[in-house]
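In: Test case, fold it:
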Amino acid sequence: MKTRFILTLAILTTLCLAACRKTQDEPNRTNYAHERMTFWTNDSLLDDIHKRDSLRTHIEDELRKLPNDEQSEQRLHILASLVELCRIGLDFEGAMNYCMEGTSLAAQMGNDEMNAFFQNNMGDMFFDAEELSEASAQYENACKLLENKTDARLMKTFSLYALDMYEFEFQLMQYDAALKYIKEAIEHIDKSYAADKNVWTETEYDSIHATALIDMARLLARIDRKEEGRTYYEQFLQSDFAKTNEGIYLEIRYLDRDKDWEKALERYSVLEERVDTIHTYNSVTAFLPRLRFLKVRILTGLERWKECCEA
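Out: Residues are numbered from 1 along each chain as shown. Model (predicted):
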């Protein structure tokens, strides 16, 4: 479902690391939402089942040591880490159970940021399970909890949840709703960055902001507001992210939607050469079929039927 999700590991907390080392360090976890996006690119956790399961066992031990009725930030931190470890291990039932416990506790404590984190994760899982009404409710709840925050870090977090909501609405072809959320996402990215650049890394801001811009361009092309979409496309091209494999792939999807198939095929050739000759794209074997399908779409638009069959 997601196309974003892109950067380096930042999600594991001091608590997680402490559990691995069996130390008694206190946890220091912040910015749960945007860090979640980096969790999925950590190849060592994705590939090493023993390492992942061992880490989960240690963290669950920490949870069991806490009194059952304790309401604390530490308990929320532990639950958040377990949600992510369960999701990366494809234990969605476990992740959902920890989310439900987490959102209940966060609501009791009045912690809107953590409540939104758990609800957004539930939205992801309901969406993956094609339980669309439940997914919509959870995504909306996550956004509502943070939509009026003025802190730079929370505005950043809201922008990421709004991007999730945009993607959800776009997939359902609810384009008016999708447009609302992508506009809000870009607005909050800009506001957050202007308020405090320190809540972003430069690479993170560049990639997320650029992704939002090309998503907006693609949506506007889809609803026949192409000239307006071109403005966002030109802004996207100014980013460093536009030069990466992920950026080129999203550019091709936009050009296809904009029916600029000659340019799309030109950009496709660049990306095809990169991923066919060297592993410069994460999970390249899973990516190539999508790339081939995109080429068929482009060649169909150009009415190059023989090449469609070969692709």
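In: buried set for whatever helix or strand residue 98 lives in?
Out: Assigned by DSSP states H and E, residue 98 belongs to helix 92-109. For helix 92-109, burial by neighbour count (16 or more other CB atoms under 10 Å) applies to 92, 94, 95, 96, 98, 99, 101, 102, 103, 105, 106. Where C-beta positions appear, they are placed from N, C-alpha and C, glycine not excepted.
In: which residue ranges form the strands in this protein?
Out: For the chain, strands defined by DSSP state E do not occur.
In: returning to what we had before: report the backbone C-alpha coordinates of the helix holding residue 98 in PDB.
Out: Taking C-alpha atoms only, helix 92-109 is exported to PDB below (Å, rounded to 0.1, in the frame of the first residue of the first chain):
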ATOM      1  CA  PHE A  92      -0.600  -8.400  13.100                       C
ATOM      2  CA  GLU A  93      -2.700  -9.900  15.800                       C
ATOM      3  CA  GLY A  94       0.000  -9.100  18.400                       C
ATOM      4  CA  ALA A  95       0.500  -5.600  16.900                       C
ATOM      5  CA  MET A  96      -3.200  -4.900  17.100                       C
ATOM      6  CA  ASN A  97      -3.500  -6.100  20.700                       C
ATOM      7  CA  TYR A  98      -0.600  -3.800  21.700                       C
ATOM      8  CA  CYS A  99      -2.100  -0.900  19.800                       C
ATOM      9  CA  MET A 100      -5.500  -1.300  21.500                       C
ATOM     10  CA  GLU A 101      -3.700  -1.400  24.900                       C
ATOM     11  CA  GLY A 102      -1.600   1.600  23.900                       C
ATOM     12  CA  THR A 103      -4.400   3.800  22.700                       C
ATOM     13  CA  SER A 104      -6.500   3.100  25.800                       C
ATOM     14  CA  LEU A 105      -3.600   4.000  28.100                       C
ATOM     15  CA  ALA A 106      -2.600   7.000  26.000                       C
ATOM     16  CA  ALA A 107      -6.200   8.300  26.100                       C
ATOM     17  CA  GLN A 108      -6.300   7.900  29.900                       C
ATOM     18  CA  MET A 109      -3.000   9.800  30.200                       C
END
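In: All further residue positions should be reported with the first residue as 240.
Out: Understood, numbering begins at 240; the last thing we discussed is helix 331-348.
In: Mind giving me the packing neighbours of it?
Out: helix 312-327, helix 351-367 (3 or more CB pairs under 8 Å, 6 or more residues apart in numbering; DSSP states H and E).
In: Buried residues of the longest one, list them for me.
Out: Judged by neighbour count using 16+ other CB under 10 Å, the buried positions of helix 351-367 are 351-366.
In: who does that helix touch, helix- and strand-wise?
Out: helix 271-278, helix 312-327, helix 331-348, helix 371-385, helix 391-410.
In: any chance of those in CSV, with distance to residue 453 too?
Out: Listed next are these as CSV, based on distance: least, CB to CB, whole Å:
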stretch, distance to residue 453
helix 271-278, 17
helix 312-327, 26
helix 331-348, 30
helix 371-385, 21
helix 391-410, 12
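In: Any regions of the stretch 440-550 of the chain where pLDDT drops low?
Out: 514-529, 544-550 (pLDDT under 70).
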